[in-house]
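Visitor: When you get a sec, could you give me coordinates for this:
(chains A, B, C and D)
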There are 2 protein chains.
Amino acid sequence: MTLVDTVRRFNRSYTQRIGALEESFLGTGRPLGASRLLFEVGPDGAAVRDLRERLDLDSGYLTRLLSRLADDGLVEVRPDPADGRRRLVTLTPDGQAAYRELNERSDSKARGLLEPLTERQRARLDEALGTADLLIRAATVHLRVVDPVTDAARTALGEYYAELDRRFPSGFVPEPRDDGAAALRAPSGAFVVAASDGAPVACGGVRRLDDSTGEIKRMWVAPDWRGAGLGARLLRRLEDEARRLGYARAVLGTNSVLTEALAMYGRVGYREIGPYLVDSPYDEVFFEKSLI
Amino acid sequence: MTLVDTVRRFNRSYTQRIGALEESFLGTGRPLGASRLLFEVGPDGAAVRDLRERLDLDSGYLTRLLSRLADDGLVEVRPDPADGRRRLVTLTPDGQAAYRELNERSDSKARGLLEPLTERQRARLDEALGTADLLIRAATVHLRVVDPVTDAARTALGEYYAELDRRFPSGFVPEPRDDGAAALRAPSGAFVVAASDGAPVACGGVRRLDDSTGEIKRMWVAPDWRGAGLGARLLRRLEDEARRLGYARAVLGTNSVLTEALAMYGRVGYREIGPYLVDSPYDEVFFEKSLI
DNA sequence: TCATATCTCTGACTTTAGTCAGAGACTTCC
DNA sequence: GGAAGTCTCTGACTAAAGTCAGAGATATGA
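Guide: A predicted model of the protein is given here:
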């Protein structure tokens, strides 16, 4: 049995049993679409725009769904003070109650399903689902080249810097004369962000070191995404970008504290070299790889 | 994060990504319902009755779906020769082709999804999904008391005997003077079958040994269902039945070849005892447990 | 053999889900 | 300040999915 068979077999048994979890949104007297929407609005509210994107709905259809929920007194729709074209949706107290009820139904259905399992089996299931979840998410992560000043890039870089600050014994302060933005974009550089469910989970960039050499900079993978091969995938993508920009060789420098990264560079074919032109005081270990 | 959370989290990410596998039944120019039906008919055909039950459809609705597929030349519906009220559905050659296409779409979608994973990750995913599949199926196995002459019971017993015959060095022949049927039913006995997706996956019975003692007989778990705690669950159910029938003690005899079973009896609280009244030449090891 | 039950089918619905074209209010960018 | 773009909403649709009440044919068990 191949993996594809396993996946399909699992899919069948899963959707028949647990998949019904989400259908338990039914039986609340509301059509499934309305319940899903209510759930997606959530206790913190959401912008109509985002709902449309997340649920992939037609704008007219969404408007109608929302106005039905509003008629039922479950949500409130009002203009976004920051941008008069947009509208924000929040749950009313009744809506909050309905939201909680959806969650409880879903929970109790899940509990009932797991009830026949022993403690040991539950632990095994927990681990298996956790692993499968991570890998499936990892497989569907979307890598794309973005400008380093976009929101996605800024968020990712922010988390990267914050982590360096936590992990370096002396903390980390981004170089003030940081030419990051300009160097990590065309025509001599690129910046790649990996996103899952809209949130950035990894990033990295290439910039010009000399005419034939691109330098990989600011590679970061979110902590709970490590061990899923995302780093290697991102690195290969950056090498592709570097090749496209005309570089024949990739180099990078890193800090010896970042042990996972060091091991990964080795696996992907990087070879340790002496220090090249350096501008970051944090780089201690250096690698290169031919792109030809 | 509790297991329920893991399940729900997994459910969300899974249905969004892989769940779409089944939706790939769309895009074949046929509505989802019709494709699902075509898939459920399958290459071997099916009875309309069973389709209605498996897909949980209204009879009128199903009739209409089927006649649409028949109009498109994909299926053929004709009376069941064995029962004039029923009708049987089979795929026409065109229907077979459409069926194969559905499968290919689903496969290639699954492959595309897994493509970014490395070999090692795929192996991990394969194992994780396999484990989760087994446990989820095990959790949703349905145990019920049936008469030992019903089809389900006969099938299960048949597989049990066949396995003993394979595993015992000298083979196994059911005792000819087998009073099985009569002894494993009320008022002094019971027979329990565990079924998953309609197929029996485990069985076992209790019969009277003396007024206060019930004997557990013919416990069997299908080979690919072992390690999922099904045996222990079945045994506990049989003890419940024995208690209900008024027994204060359960005993059982087994063969020392069946090592998994021996270990399981110990885990569930059975204690080895000397041979009690024996009528099976295959029983070598004996256990008892108080039911009070 | 007659009442009762089972199985499929038909007709007449309703609800849910979704699409499309454009109007109107507002922002943004030159 | 005006053109171009964004966001939401309305109206007018269509298709899919599902429900309900019976009719008619056949089987089953007393």
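Visitor: For the residue of the stretch 101-250 of chain A found nearest DNA strand D, which residues are in contact?
Guide: Going by C-beta to the nearest atom of the strand, DNA strand D is nearest to residue A:151 of the stretch 101-250 of chain A, at 12.8 Å. Any C-beta I mention is one placed from the backbone N, CA and C, and that applies to glycine too. Residues near residue A:151 by C-beta atoms under 8 Å, 6 or more residues apart in numbering or on different chains: none.
Visitor: what pLDDT does it get?
Guide: The score at residue A:151 is 73. That number is its pLDDT.
Visitor: same question, residue A:26
Guide: 62.
Visitor: Over to residue A:232?
Guide: 89.
Visitor: how does chain A divide into domains?
Guide: Listed by automatic domain parsing, the domain ranges of chain A are A:3-116, A:143-290.
Visitor: Mean confidence (pLDDT) on stretch A:285-292, please.
Guide: pLDDT averaged over stretch A:285-292 gives 92.
Visitor: got the CA positions of that stretch in PDB?
Guide: Taking C-alpha atoms only, stretch A:285-292 is exported to PDB below (Å, rounded to 0.1, in the frame of the first residue of the first chain):
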ATOM      1  CA  VAL A 285      30.300  30.100  11.100                       C
ATOM      2  CA  PHE A 286      30.300  30.300   7.300                       C
ATOM      3  CA  PHE A 287      29.100  28.000   4.500                       C
ATOM      4  CA  GLU A 288      29.100  27.900   0.700                       C
ATOM      5  CA  LYS A 289      27.500  25.800  -2.000                       C
ATOM      6  CA  SER A 290      27.800  25.900  -5.800                       C
ATOM      7  CA  LEU A 291      24.700  26.700  -7.600                       C
ATOM      8  CA  ILE A 292      25.800  25.300 -11.000                       C
END
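Visitor: How far off centre is it?
Guide: Mean-position distance between stretch A:285-292 and its chain equals 27 Å (C-alpha atoms, centre = their mean, to the nearest Å).
Visitor: ok, now stretch A:239-256?
Guide: Per C-alpha atoms, centre = their mean, the centroid offset for stretch A:239-256 relative to its chain is 23 Å.
Visitor: My reading is that residue A:165 lies in a strand. Confirm?
Guide: No - the assignment for residue A:165, made by DSSP: H, G, I helix; E, B strand; the rest coil, is helix rather than a strand.
Visitor: now for the domains of chain A, which one comes closest to residue B:222?
Guide: In terms of C-beta to C-beta, the element of the domains of chain A nearest to residue B:222 is domain A:3-116, at 15.2 Å.
Visitor: The closest one: end-to-end distance?
Guide: 28 Å (C-alpha to C-alpha, to the nearest Å).
Visitor: Same check on stretch A:144-151?
Guide: End to end - C-alpha to C-alpha - stretch A:144-151 spans 13 Å.
Visitor: Buried residues in that stretch, which are they?
Guide: A:146, A:148 (16 or more other C-beta atoms under 10 Å in any protein chain shown).
Visitor: and if you look at stretch A:104-112?
Guide: A:105-107, A:109-110.
Visitor: If we check DNA strand C, which of these are in contact?
Guide: Among these, no residue lies close to DNA strand C (C-beta under 7 Å from any atom of the strand).
Visitor: Arrange the residues you listed in TSV, one row each, with secondary structure as further columns.
Guide: Shown next, in TSV, are the buried residues of stretch A:104-112 (three-state DSSP):
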residue	secondary structure
A:105	helix
A:106	helix
A:107	helix
A:109	helix
A:110	helix
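Visitor: picking up where we left off before, so can I have CSV of the domains of chain A showing distance to residue B:218?
Guide: Conversion of the domains of chain A to CSV gives the following (distance: least, C-beta to C-beta, whole Å):
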stretch, distance to residue B:218
domain A:3-116, 22
domain A:143-290, 46
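Visitor: what's the closest of those to residue B:233?
Guide: Closest among these, using C-beta to C-beta: domain A:3-116, at 6.3 Å.
Visitor: Give me the contact status of that closest one with chain B.
Guide: Yes - residues of domain A:3-116 contacting chain B under C-beta under 8 Å from any C-beta of the partner chain: A:3-4, A:6-11, A:13-15, A:17-19, A:21-22, A:106-107, A:110-111, A:113-116.
Visitor: That domain vs DNA strand D: in contact?
Guide: Yes - against DNA strand D, domain A:3-116 shows contacts by C-beta under 7 Å from any atom of the strand at A:47-49, A:52, A:59-60, A:62-64, A:66-67, A:77, A:83, A:85-87.
Visitor: Determine which two of these are furthest apart.
Guide: Pairwise over the residues of domain A:3-116 next to DNA strand D, using C-beta to C-beta, the maximum falls at A:64 and A:83, 22.3 Å.
Visitor: so what's the backbone phi/psi at residue A:189?
Guide: Torsion angles at residue A:189 (phi, psi; degrees, to the nearest 10) stand at phi -150, psi 180.
Visitor: Contact partners for it?
Guide: A:183, A:205-208, A:214, A:245.
Visitor: again, 10 Å this time
Guide: A:148, A:180-183, A:205-208, A:214-215, A:217, A:241-242, A:245, A:247 (C-beta atoms under 10 Å, 6 or more residues apart in numbering or on different chains).
Visitor: ok, for it, nearest residue in space, not its chain neighbours?
Guide: residue A:207 (4.0 Å; C-beta to C-beta, 6 or more residues apart in numbering or on different chains).
Visitor: Helix or strand: which one has the closest residue to DNA strand C within the stretch 51-200 of chain A?
Guide: Shortest the stretch 51-200 of chain A-to-DNA strand C distance, computed as C-beta to the nearest atom of the strand: residue-wise this is residue A:84, at 2.4 Å. Residue A:84 belongs to strand A:83-91 when assigned by DSSP states H and E.
Visitor: One more: residue A:231?
Guide: Counting by DSSP H and E, residue A:231 is found in helix A:230-244.
Visitor: With residue A:288 instead?
Guide: With DSSP H and E as the test, residue A:288 turns up in strand A:285-290.
Visitor: touching chain B at all, that strand?
Guide: No - Strand A:285-290 does not reach chain B (C-beta under 10 Å from any C-beta of the partner chain); its nearest approach is 18.0 Å.
Visitor: Neighbouring strands of that strand in the sheet, and parallel or not?
Guide: strand A:249-254 (antiparallel), strand A:271-273 (antiparallel) (DSSP bridges).
Visitor: For DNA strand C, which of the ones you listed is the nearest?
Guide: strand A:249-254 (34.1 Å).
Visitor: Alpha carbons of the helix or strand that the closest one is followed by, in CSV - could you do that?
Guide: Counting by DSSP H and E, the element after strand A:249-254 in chain order, helix or strand, is helix A:259-267. The C-alpha coordinates for helix A:259-267 follow below in CSV (Å, rounded to 0.1, in the frame of the first residue of the first chain):
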residue,chain,number,x,y,z
THR,A,259,22.4,24.2,16.0
GLU,A,260,19.4,23.0,14.0
ALA,A,261,20.3,25.3,11.2
LEU,A,262,24.0,24.2,11.2
ALA,A,263,22.9,20.6,10.8
MET,A,264,20.4,21.4,8.1
TYR,A,265,22.9,23.4,6.0
GLY,A,266,25.1,20.3,6.0
ARG,A,267,22.3,18.0,4.8
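Visitor: what about helix A:259-267, average pLDDT?
Guide: Average pLDDT, helix A:259-267: 87.
Visitor: could you check the angle strand A:285-290 makes with that helix?
Guide: 30 degrees (axes from the mean of the first three to the mean of the last three C-alpha atoms, to 10 degrees).
Visitor: Any regions of the stretch 51-200 of chain A where pLDDT drops low?
Guide: Where the stretch 51-200 of chain A drops to pLDDT under 70, the residues are A:170-182.
Visitor: how about 50 then?
Guide: Where the stretch 51-200 of chain A drops to pLDDT under 50, the residues are A:176-177.
Visitor: can you tell me the helix or strand for the residue of it found nearest DNA strand D?
Guide: The stretch 51-200 of chain A approaches DNA strand D most closely through residue A:60 (2.7 Å), counting by C-beta to the nearest atom of the strand. Secondary structure from DSSP H and E places residue A:60 in helix A:59-71.
Visitor: Run the angle between that helix and strand A:83-91 for me.
Guide: Going by the same axes, to 10 degrees, helix A:59-71 is angled at 50 degrees with respect to strand A:83-91.
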